[in-house]
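Novice: Curious how this folds, go ahead:
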Amino acid sequence: VQQNIHILSDRGAHFIGPGSGVLACKTVGEGRMIEPQEVVDAALSLLNKQSDLAGKKILITSGANHEPIDPVRFIGNRSSGKMGRAIAQEAVLRGAEVTVITGPADVPPPASSNVIEIQTAQEMYDAVMQHLPEADIIIGAAAVSDYRVENPTGHKQKRNGSGLHLDLTENPDIIAAVGAQKRSDQLVIGFAAETNDLIANAQAKLKKKNLDMIVANTVGTPDSGFGSETTDARFIFSNGTIDEHPLMKKTQLAERLMTQIVELLNARAN
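Specialist: As a prediction, the model looks like this:
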């Protein structure tokens, strides 16, 4: 088998996997077929001929956060990770080296990206700070939990008929921390998921968090927001420009976002 792999590699064949897990012989180890979605991701990367982000390192946050109440329960949000995955996939297709820091999500990041799995906002913050120095572009697409339970218990809390009181404390604002310490050669793009006053709220976040650009998107409607395949979004820039987009698939928005990032990079270079 190893000889055949070597021959095929010399002929230009690409190998995906093997995966790890429970095998047909009921043992656990390497030898499983890679999941079909990972095969598709790898094939798309090989077929792609566009390389306008080659050599760039992109750091993306994606998914939700789960903040523990006790070992059984948590507080969280409805983020599916679909937007983060679409952005990561488009970045990979354009030749970038992509790292995705993801919380719990309905969909996995592309297999061809470097995936770091976390649960809480603090864990996401720590991972972002660790990888920030090497990143050229940082995209905060995760729905980061604003609050965490101040004192989660180490045991399951039983129902006692008197209700449950939780003291919440603020989590670190990840994209604001990135914006505060970004280098002049780094681009920082944030997301603003809003149910009302979309433009005004997003503009305030853009300025407060020192971002180069923010994607303002409506949430809480059946066709836009967490879990949906489509989104209603605006690109808002630090110079005050607003680029409006009609309702579209998240994959299409990711493509437009990467094109816009390339234009921002080219403008800086010139």
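
Novice: Neighbours of the spatially closest residue to residue 220 that is not a sequence neighbour, how many?
Specialist: Sequence neighbours aside, residue 195 is the residue nearest to residue 220 in space, at 4.6 Å (criterion: Cβ to Cβ, 6 or more residues apart in numbering). For every residue, glycine as well, the C-beta is placed using N, CA and C. Other residues within reach of residue 195 by the criterion other Cβ atoms under 10 Å amount to 11.

Novice: can you pull out the helices in this structure?
Specialist: According to DSSP state H, the chain carries its helices in the segments 2-10, 36-47, 82-93, 121-131, 174-181, 198-208, 250-269.

Novice: does residue 23 really touch residue 32, like I thought?
Specialist: Yes. Counting by Cβ atoms under 8 Å, a contact exists between residue 23 and residue 32, whose distance comes to 6.3 Å.

Novice: lowest average confidence, helix or strand, in the chain?
Specialist: One helix or strand of the chain scores below all others by mean pLDDT, DSSP states H and E: helix 36-47, with a mean of 77.

Novice: coming back round to it: what's the distance between the residue nearest to residue 220 and residue 215?
Specialist: Taking Cβ to Cβ, to the nearest Å as the criterion, residue 195 is separated from residue 215 by 16 Å.

Novice: Same check on residue 74?
Specialist: For residue 74, the distance to residue 215 - Cβ to Cβ - is 27 Å.

Novice: who's more crowded, the two?
Specialist: Using other Cβ under 10 Å, the more surrounded residue of residue 74 and residue 215 is residue 215, with 28 against 19.

Novice: can you tell me how far the more buried one sits from residue 250?
Specialist: Counting by Cβ to Cβ, the gap between residue 215 and residue 250 amounts to 11 Å.

Novice: try residue 180
Specialist: In this structure, residue 180 and residue 250 are separated by 28 Å, where distance is defined by Cβ to Cβ.

Novice: Those two - which one has more neighbours?
Specialist: Just comparing residue 180 and residue 250: by other Cβ under 10 Å the higher neighbour count belongs to residue 250, 22 against 11.

Novice: Give me the neighbour count for the closest residue to that one other than its chain neighbours.
Specialist: What sits nearest to residue 250 in space, not counting adjacent residues and going by Cβ to Cβ, 6+ apart, is residue 86, at 4.6 Å. Around residue 86 sit 24 other residues, with neighbours defined as other Cβ under 10 Å.

Novice: With residue 201 instead?
Specialist: In terms of burial, residue 201 registers 16 neighbours under the definition other Cβ under 10 Å.

Novice: Surely it and residue 193 touch.
Specialist: No. With contact defined as Cβ under 8 Å, residue 201 does not reach residue 193; the gap is 9.6 Å.

Novice: Look up the closest residue to the residue most central in space within the chain, ignoring the ones flanking it.
Specialist: Geometric centre of the chain, nearest residue: residue 62, 2.4 Å, by Cα atoms, centre = their mean. Leaving aside its chain neighbours, residue 62 sits nearest to residue 84 (2.4 Å; criterion: Cβ to Cβ, 6+ apart).

Novice: distance of the one you found from residue 126?
Specialist: Taken as Cβ to Cβ, the span from residue 84 to residue 126 is 18 Å.

Novice: so for stretch 204-220, what's the average pLDDT?
Specialist: Averaging pLDDT along stretch 204-220 yields 95.

Novice: Give me the buried positions along it.
Specialist: 205-206, 209-219 (16 or more other Cβ atoms under 10 Å).

Novice: Then stretch 225-234?
Specialist: With burial defined by 16+ other Cβ under 10 Å, the residues of stretch 225-234 counted as buried are 225-226, 228, 230-234.

Novice: Same list, those, but as CSV with pLDDT and distance to residue 184 please.
Specialist: Below are the buried residues of stretch 225-234 laid out as CSV (pLDDT from 0 to 100; distance: Cβ to Cβ, whole Å):
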residue, pLDDT, distance to residue 184
225, 79, 34
226, 87, 34
228, 90, 36
230, 93, 36
231, 93, 31
232, 91, 33
233, 93, 27
234, 95, 26
